[in-house]
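Colleague: sequence first, predicted coordinates after that:
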Amino acid sequence: MYPLSLKSLKMKLRTNNQYVRCGLAEFLGTLILILFGCGAVAQMELSGLAKGQFLSVNIAFGFAVTAGAYICAGVSGAHLNPAVSLSMYLLQRMTCRMMLVYFLAQFIGCFTGAALVFALYFDALHVYSGGNWTVSGTQATAGIFASYPSEHLSVFNGLSDQVIATAALMVCILAVVDEANNAAPRGLQPFVIGLVVLLVGLSMGFNCGYPINPARDLAPRIFTAMAGWGLEVFRWALVVGASAGTNGRGSGGDVYL
């Protein structure tokens, strides 16, 4: 009995079930998004700005979106964001059942990515905070995983911030992929949308860190609640605003993000 070749193993593991294929693709893409993006935040915060700055975090999130999109674009269209999937459902480009599969895969992927960042920087977190996981204060570390408001931000302004930022993101995405509007070449679309995410971060990141993605914000927030930060992490959850900015209309092919 000879061992299976890599090609034979791939054929045995391959599935034609579109729900499974798209779900696994979105899971892996969002995992990479959080691993690189939140990993950059952890490196900046835990090193006391010695190993990163706000600009480096913005660049990391932009390219994290690009990397995640290239991983899964050929299978799922690389939504990587429930707001994008909801927009595609409203535009009648996917069924309700498929949208729910995307939602689940994206949340699990972001949750797993946050767990990997926690494992990666576990010792540094302990040294930085003495093992005291806090949401606020001089040694707060919850902001590594999810977005929290600046001191000046009111609830209303936080909501409007997310609606505006997410809507602007969706308008740009739909323009990038709109074949009737000088769309970017398909192979470059993930890269261009990564630049759009970078632009959103550079222009709208001051108030609350531009989550613009319900899965990216809520799933790591749930992880931190389970990992020891407690229920205080839910005091500010920006999911509603990120979902409310998705009512754009457009035409074109798959949407990447």
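Modeller: It's in. Nothing here was measured: the structure is a model prediction, and the numbers come from that model. Residues are numbered from 1 along each chain as shown.
Colleague: next, the buried residues of stretch 160-173.
Modeller: Under the neighbour-count criterion of 16 or more other CB atoms under 10 Å, stretch 160-173 has 161-170, 172-173 buried. From N, CA and C alone the C-beta is placed, and that goes for glycine too.
Colleague: how far is it from where the chain is centred?
Modeller: Chain-centre distance of stretch 160-173: 14 Å, with CA atoms, centre = their mean, to the nearest Å.
Colleague: extract the CA atoms of that stretch and return them as CSV.
Modeller: What follows is stretch 160-173, C-alpha atoms only, in CSV (Å, rounded to 0.1, in the frame of the first residue of the first chain):
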residue,chain,number,x,y,z
SER,A,160,-22.9,58.0,12.4
ASP,A,161,-19.2,57.3,12.1
GLN,A,162,-19.8,53.7,11.2
VAL,A,163,-22.7,54.4,8.9
ILE,A,164,-20.6,56.9,6.9
ALA,A,165,-17.4,54.9,6.8
THR,A,166,-19.2,51.6,5.9
ALA,A,167,-21.3,53.3,3.2
ALA,A,168,-18.2,55.0,1.7
LEU,A,169,-16.5,51.6,1.7
MET,A,170,-19.4,50.0,-0.1
VAL,A,171,-19.6,52.8,-2.7
CYS,A,172,-15.9,52.4,-3.5
ILE,A,173,-16.2,48.6,-3.7
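Colleague: for the helix or strand Met170 falls within, enumerate the helices and strands it packs against.
Modeller: Here Met170, judged by DSSP states H and E, is contained in helix 155-177. Applying 3 or more CB pairs under 8 Å, 6 or more residues apart in numbering; DSSP states H and E, one finds that helix 155-177 makes contact with helix 82-90, helix 189-204, helix 239-244.
Colleague: ok, which of the ones you listed comes nearest Asn58?
Modeller: helix 189-204 (3.7 Å; CB to CB).
Colleague: quick one: average pLDDT of the closest one?
Modeller: Mean pLDDT, computed over helix 189-204, is 93.
Colleague: and Ala119, how close does it get to Phe63?
Modeller: 22 Å (CB to CB, to the nearest Å).
Colleague: so which of the two has more stuff around it?
Modeller: Taking other CB atoms under 10 Å, Ala119 and Phe63 do not tie; Phe63 has more neighbours (19 against 8).
Colleague: who's in contact with Tyr210?
Modeller: Going by CB atoms under 8 Å, 6 or more residues apart in numbering, Tyr210 touches 147, 165, 200-201, 204.
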